[in-house]
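> take this sequence and fold it.
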Amino acid sequence: MTTPPLTDHDPSAASIFSQAHSRIPDDTVFYSIFPDTSISNANPSSSSSAFLQSLHLELLLFLSSYTSSYIWQHEPFSLTISSSSCLCASESTRLPHLQGKLRFGDNIEDEWFAVFLLFEISRHFPSLSIRVWDNDGEFLLIEAAFHLPRWLNPENSKDRVFIRHGDLHIVPKSRLPDPNLIDSLKFLINCESQSRAAASVQLAVKNRISEYPERARRNVHQVRVWVPVAVAQVLKHEPYLISLAVEGFYDRDIDTMKYAAKMARFLSRGREEELVCIAVKMSRAMYAQLVQQKFQAPKCYPMPNRGDSVGAYLEAELGIKIACGFEMMYQQRRKEGEEGKGSTWNKYKESLESSGYFDGLLPGSKEYKRLMENAEEYYQKSNLFSRTSEMLSSPIRRIDEILALPHSAEDFRHQEVPPSDNDSWLYNGEDELNTALKERQTEMDLYNSKHSRRSKSKETQDTDPSSSGANFEDFDLSDVAKTMQGFVDKVSSFEGAEVPGNRFRIPFCFSGSWHTCALSP
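I've put the predicted structure just below:
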């Protein structure tokens, strides 16, 4: 079977998967998956295409058991087959691989769930080497900053950090002083035991994802709301669109509020529209974004009287935020024309034609039909699993399709709607923060203890001419503070730094995400 060439559904993807890209988004995690065969098949061919397509479908099927009911903040975890060049330190080589990106926004749980999924992939598919990074660079190293080897810093960590066989791997400087991507991948294959990170590093990273996938399930919050029939109809068919509705509400501005004032698409009958009661699932972050903002209903909105039922009024109050979010998102995207022309299949077909897949064959010829059938078969199989991604990237068309179907308030009037989940977690964040601080304090106490023992040992060595301090070069915790600061702020060097004891009085300040923690000066 002739396989279509390695083309991305998103033609802009090639440039953003390099850490050298000029501007990495602040709220997006990137990942690349390199099969061992990519080293031996550095130049794309029919066989490498077939292998990657098979692997692509295998991984998507494997992940579906973890992700099928999860509500992502902005976009789902996805994988595409890359045709882009992977720029190594000394050469530009086309390495067949899979790649993906995930915008997590304000929901850091999405990023760590993605890390968990990558570790699970590596455990079940052992012949893969995986890279993951975000705007902080190698953020897994930040998580393990108290336990890193002394020689490792932000400047020499490029092409060294991988996930493989369910473990974190750091290609040692003693074996590859200045590696490029291909060198590191070869080393992982041939000398895997030498690159496996120390047990303390493994523990620090794996502790961060140890509660998944159960934590991912806990991150989904179900709430009962009263919404217009059109909103209920859309969420009935595509519950994942709640992500875009919350985004539309949370990111609203003066211009988009004009759409909410009219509610032309989701409240066509104005105050005569009937509200219906439904249950909506969303992430905890989305729920917090909705409930913690005050919002006044537009005049056209049929809000119930507060005196009739306080509970129903509060449910309608949350529902109006969802409904207005849908309206603002829908109208703004339609105005900007983000969806372009045609379906993703048309875009995919165009990319095949431009890449020379049909090799000048006449449409309708026997060979052309055979190649087209192969391309359609692959697209259909992969599209079964990318449907959510397509729907979230092109929601207007899907919403129009849903609202074109027959629907009425009667469809929702007699259904049993469960009560909202308990939201006490929203007001107990201080407890979780204190727990995180205590965990970090424990790590710091351990560091202080080891640092003290090291200092005493060094004094002994200074008075003993037969002693050698060479062994301390491998793993030295004395530079932990600047290690952390370096990986967060890209400080140039932290070798040989000593940390005064008084630096630890106010141990941590959490900047942005809790995983990005730096010692206070």
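> please make it C-alpha for all contacts and neighbour counts, starting now.
Fine.
> which SS class is V223?
V223 carries the three-state label strand when classified by DSSP: H, G, I helix; E, B strand; the rest coil.
> and the residue nearest to Y259 when sequence neighbours are not counted, what is it in contact with?
The shortest distance from Y259 to any non-neighbouring residue, by Cα to Cα, 6 or more residues apart in numbering, is to M328 (5.6 Å). Applying Cα atoms under 8 Å, 6 or more residues apart in numbering to M328 gives the contacts 248-249, 252, 256-257, 259-260.
> so which of these is the closest to G364?
Of all the contacts of M328, G364 sits closest to G248, with 45.0 Å by Cα to Cα.
> quick check: that closest one touching A323?
No: under the criterion of Cα atoms under 8 Å, G248 lies out of contact with A323, with a separation of 9.8 Å.
> more crowded one of these two?
With neighbours defined as other Cα atoms under 10 Å, G248 and A323 compare such that A323 has more, 29 against 25.
> pLDDT wise, what is that one at?
We have a pLDDT of 96 for A323.
> buried subset of the contacts of M328?
Burial by neighbour count, 16 or more other Cα atoms under 10 Å: within the contacts of M328 this picks out 248-249, 252, 256-257, 259-260.
> who does the helix or strand hosting E58 touch, helix- and strand-wise?
Per DSSP states H and E, E58 falls inside helix 46-67. If you count contacts as 3 or more Cα pairs under 8 Å, 6 or more residues apart in numbering; DSSP states H and E, helix 46-67 packs onto strand 80-82, strand 97-103, helix 366-393.
> how about that helix: buried residues?
Within helix 46-67, the residues that count as buried by 16+ other Cα under 10 Å are 48-53, 55-57, 59-60, 63, 66-67.
> can I get those residues in JSON lines with pLDDT and distance to D134?
Output for these, formatted as JSON lines (pLDDT from 0 to 100; distance: Cα to Cα, whole Å):
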{"residue": "S48", "pLDDT": "71", "distance to D134": "28"}
{"residue": "S49", "pLDDT": "76", "distance to D134": "28"}
{"residue": "A50", "pLDDT": "80", "distance to D134": "30"}
{"residue": "F51", "pLDDT": "86", "distance to D134": "28"}
{"residue": "L52", "pLDDT": "88", "distance to D134": "24"}
{"residue": "Q53", "pLDDT": "87", "distance to D134": "26"}
{"residue": "L55", "pLDDT": "93", "distance to D134": "24"}
{"residue": "H56", "pLDDT": "92", "distance to D134": "22"}
{"residue": "L57", "pLDDT": "89", "distance to D134": "25"}
{"residue": "L59", "pLDDT": "94", "distance to D134": "22"}
{"residue": "L60", "pLDDT": "90", "distance to D134": "22"}
{"residue": "L63", "pLDDT": "93", "distance to D134": "21"}
{"residue": "Y66", "pLDDT": "94", "distance to D134": "22"}
{"residue": "T67", "pLDDT": "92", "distance to D134": "21"}
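> for S129, helix, strand, or coil?
The three-state assignment at S129 reads strand, by three-state DSSP.
> hang on, the earlier thing: with only the CA atoms kept, save the helix holding E58 in PDB.
Extracted as PDB, the C-alpha positions of helix 46-67 are listed here (Å, rounded to 0.1, in the frame of the first residue of the first chain):
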ATOM      1  CA  SER A  46       7.200   5.100   2.000                       C
ATOM      2  CA  SER A  47       8.100   2.600   4.700                       C
ATOM      3  CA  SER A  48       8.700   5.300   7.400                       C
ATOM      4  CA  SER A  49       5.400   6.900   6.400                       C
ATOM      5  CA  ALA A  50       3.500   3.700   6.900                       C
ATOM      6  CA  PHE A  51       5.200   3.000  10.200                       C
ATOM      7  CA  LEU A  52       4.500   6.500  11.600                       C
ATOM      8  CA  GLN A  53       0.900   6.300  10.400                       C
ATOM      9  CA  SER A  54       0.400   2.900  12.100                       C
ATOM     10  CA  LEU A  55       2.100   4.200  15.300                       C
ATOM     11  CA  HIS A  56       0.000   7.400  15.200                       C
ATOM     12  CA  LEU A  57      -3.200   5.400  15.200                       C
ATOM     13  CA  GLU A  58      -1.900   3.000  17.900                       C
ATOM     14  CA  LEU A  59      -1.100   5.900  20.200                       C
ATOM     15  CA  LEU A  60      -4.400   7.700  19.700                       C
ATOM     16  CA  LEU A  61      -6.300   4.500  20.400                       C
ATOM     17  CA  PHE A  62      -4.200   3.800  23.500                       C
ATOM     18  CA  LEU A  63      -4.800   7.400  24.800                       C
ATOM     19  CA  SER A  64      -8.500   7.300  24.200                       C
ATOM     20  CA  SER A  65      -9.200   5.300  27.400                       C
ATOM     21  CA  TYR A  66      -7.600   8.200  29.400                       C
ATOM     22  CA  THR A  67      -8.900  11.200  27.500                       C
END
